[in-house]
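Visitor: can you look at this prediction? I've put the sequence above it.
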Amino acid sequence: MASPCINVCRMGDVSGLCLGCFRTLDEISGWNLATEDDKSAIFAAINRRRAEHDPCGEEFRGDCDR
């Protein structure tokens, strides 16, 4: 399974999430050793995080088209 990284590698001060892919540092650092089930769970968490935050807001880059 491909990494969700979009090369916007900057951690949010408040959220502790990457501003590009919405992963935590632990999820990022453990990605290469994660099982397919673990990766699926991370993708589910990313989708929940995107739904909770405005992707075009000041803190999160997400999938903003601006």
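Guide: In hand now; what should we look at? Since the model is a prediction, treat every value here as computed from it, not as a measurement. Numbers count the residues shown, from 1 in each chain.
Visitor: count of neighbours near Ile28?
Guide: 18 (other C-beta atoms under 10 Å). Quick note: C-beta positions are derived from backbone N, CA and C, even for glycine.
Visitor: equivalent analysis for the one 4 residues further on, please.
Guide: For Asn32, the neighbour count with other C-beta under 10 Å is 7.
Visitor: ok, now Glu27?
Guide: Here the number of neighbours of Glu27 (other C-beta under 10 Å) works out to 20.
Visitor: correct me, but it touches Ile42?
Guide: Yes: counting by C-beta atoms under 8 Å, Glu27 touches Ile42, with 5.2 Å between them.
Visitor: please report phi then psi for the residue nearest the centre of the chain.
Guide: Most central in the chain under C-alpha atoms, centre = their mean is Phe22, positioned 1.9 Å from the mean C-alpha point. Per-residue torsions, Phe22: phi 60, psi 30 (degrees, to the nearest 10).
Visitor: so it makes contact with Arg49?
Guide: Yes: using C-beta under 8 Å, Phe22 is in contact with Arg49, at 4.4 Å.
Visitor: helices of this protein, residue ranges please.
Guide: With DSSP state H, the ranges of helices along the chain come out as 25-29, 36-52.
Visitor: least reliable of those going by mean pLDDT?
Guide: Lowest mean pLDDT within these: helix 36-52, a mean of 94.
Visitor: list the contacts of that helix.
Guide: When contacts are defined by C-beta atoms under 8 Å, 6 or more residues apart in numbering, helix 36-52 is touched by residues 1, 4, 17, 21-23, 27, 30-31, 34, 62-63.
Visitor: CA atoms of that helix as CSV?
Guide: The C-alpha coordinates for helix 36-52 follow below in CSV (Å, rounded to 0.1, in the frame of the first residue of the first chain):
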residue,chain,number,x,y,z
GLU,A,36,-1.4,-4.0,5.6
ASP,A,37,-4.0,-4.0,8.4
ASP,A,38,-2.1,-1.3,10.3
LYS,A,39,-1.9,0.8,7.1
SER,A,40,-5.6,0.4,6.5
ALA,A,41,-6.3,1.6,10.0
ILE,A,42,-4.0,4.6,9.5
PHE,A,43,-5.9,5.5,6.3
ALA,A,44,-9.2,5.3,8.2
ALA,A,45,-7.8,7.6,10.9
ILE,A,46,-6.6,10.0,8.2
ASN,A,47,-10.1,10.2,6.7
ARG,A,48,-11.6,10.8,10.2
ARG,A,49,-9.0,13.6,10.8
ARG,A,50,-9.7,15.2,7.5
ALA,A,51,-13.5,15.2,8.2
GLU,A,52,-12.8,16.8,11.6
